[in-house]
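K.L.:
3D model of this:
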Amino acid sequence: MPRAMWSGAIGFGLVSVSVQLVPAVEEHGLRLHQVHDKDHGRIHQERICEVCGEVVPYEHLAKAFESDEKKAVLTDEDLDQLPLPSKKLIDVLAFVDAEEIDPIQLDKAYLLTPASPAANKAYILLRETLKQTDRVAVTKITIRTRESLALLRVHDDLLAVHTMVWPGEVRDPAGLAPPESVTVRPQEIEMAASLMERMSADFDLDTLDDAYQTALKDLVRSKVEDRPAPKAAKSSPPSNVVDLMAALQASIDRADSDSTAPASQPSAAAKKPATGKRTAAKASTRGRGTPKKTAAKKRRTG
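P.N.:
Predicted coordinates for the structure are as follows:
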């Protein structure tokens, strides 16, 4: 089990759930370091003070804010003493439908585990209530010295926390969208939707891998074994689309030919209509605690 990086409690009303926080993502990529290209010597980045010229160890680093030739120096002790209730408490502010949260605000993901056997029942109570009501919780949490908004939701049999950026940190999209004078015809939308259906019929996210890391490992292996580096396949940039309908039709034809190729014959289960697979996917997601609009409408109208 990964080491807990935060210990505290989830608080909603008078209910408290003791939990521990662990990262939800682990990186598997190769770690590269910098070297001098001439003699391959390792490059070390040192923290040198511009006043005394000495190398400063981590324990003597502080943070500062400068404005109008004035400087405010903040030590770790100063930051630790900030009055933040969310240092040891994931404070639930509200329970909402998931579609009320814009995914652009989501940042890093963490998993929550019960801190002790005594917390198991309260943990399961919160998890099952979130799951059965199809809701998520908007919370606050302080990790290290930074307080963040956070989204608390169900992930399989665990509770997960996604830190969020504050609403004021989301960039204003004004002026970034294409002009409203550019329109598409209903036939183009229909063909694009048909292409989406064909491209989604047998999609399995678990079969995807990191092509860059695979190529990087092959390159490193060839260097270590002193053999020629593998050659990359040539790819040409996409040309400007002149006839959108023709491009859509060609894409649909290619998707159909790929799906009927002998080397990639789908199984009997995979031959089911795409709509049925999407319905099953939605049901699976809903079981993990992602709200559906129908449930939200029932609560509002009922």
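K.L.:
Poorly predicted segments of the stretch 51-200 of the chain, please.
P.N.:
In the predicted model, the stretch 51-200 of the chain carries pLDDT under 70 at residues 83-86.
K.L.:
those strands in it, which residues are they?
P.N.:
For the stretch 51-200 of the chain, applying DSSP state E, counting those that start in this stretch gives strands covering 63-67, 70-74, 89-96, 106-114, 136-143, 146-155, 158-164.
K.L.:
Dump those strands into CSV; add mean neighbour count and distance to residue 11 as well.
P.N.:
Quick note: C-beta positions are derived from backbone N, CA and C, even for glycine. What follows is these, written out as CSV (neighbours: other CB atoms under 10 Å; distance: least, CB to CB, whole Å):
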stretch, mean neighbour count, distance to residue 11
strand 63-67, 9, 29
strand 70-74, 10, 28
strand 89-96, 16, 5
strand 106-114, 17, 13
strand 136-143, 21, 9
strand 146-155, 20, 11
strand 158-164, 22, 13
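K.L.:
Nearest to residue 246, out of those?
P.N.:
strand 106-114 (38.0 Å; CB to CB).
K.L.:
relative to strand 146-155, how tilted is the closest one?
P.N.:
Orientation check (axes from the mean of the first three to the mean of the last three CA atoms, to 10 degrees): strand 106-114 against strand 146-155 gives 70 degrees.
K.L.:
For strand 106-114, give me every contacting residue.
P.N.:
1, 4-6, 10, 17-25, 90, 120, 123, 148, 151-152, 155, 158-165 (CB atoms under 8 Å, 6 or more residues apart in numbering).
K.L.:
That one: how far from the chain's middle?
P.N.:
Distance, stretch centre to chain centre, for strand 106-114: 11 Å (CA atoms, centre = their mean, to the nearest Å).
K.L.:
Sheet partners, orientation included, of it?
P.N.:
Using DSSP bridges, strand 106-114 pairs in its sheet with strand 15-23 (antiparallel), strand 158-164 (antiparallel).
K.L.:
Dump the ones you listed to JSON lines, plus distance to residue 182.
P.N.:
Below are these laid out as JSON lines (distance: least, CB to CB, whole Å):
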{"stretch": "strand 15-23", "distance to residue 182": "43"}
{"stretch": "strand 158-164", "distance to residue 182": "33"}
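K.L.:
ok so, going back, ok, which of the strands of the stretch 51-200 of the chain comes nearest residue 188?
P.N.:
When the strands of the stretch 51-200 of the chain are ranked by proximity to residue 188 (CB to CB), strand 106-114 comes first, at 31.6 Å.
K.L.:
Please find the angle between the direction vectors of the closest one and strand 89-96.
P.N.:
Using the same axes, to 10 degrees: strand 106-114 against strand 89-96 is 110 degrees.
K.L.:
average pLDDT across stretch 29-37?
P.N.:
For stretch 29-37, mean pLDDT is 85.
K.L.:
just stretch 245-260 next, same as before
P.N.:
79.
K.L.:
Report the distance from it to the chain centre.
P.N.:
Distance, centroid of stretch 245-260 to centroid of chain: 31 Å (CA atoms, centre = their mean).
K.L.:
How about it, which residues are buried there?
P.N.:
248, 251, 252, 255, 259 (16 or more other CB atoms under 10 Å).
K.L.:
doesn't residue 197 make contact with the last one?
P.N.:
No: with contact defined as CB atoms under 8 Å, residue 259 does not count as touching residue 197 (11.2 Å).
K.L.:
Run through the bridge partners of residue 35.
P.N.:
residue 42.
K.L.:
Can you tell me how far it is from residue 228?
P.N.:
21 Å (CB to CB, to the nearest Å).
K.L.:
Repeat that for residue 163.
P.N.:
Distance from residue 163 to residue 228, by CB to CB: 45 Å.
K.L.:
swap in residue 214?
P.N.:
Residue 214 is 18 Å from residue 228, by CB to CB.
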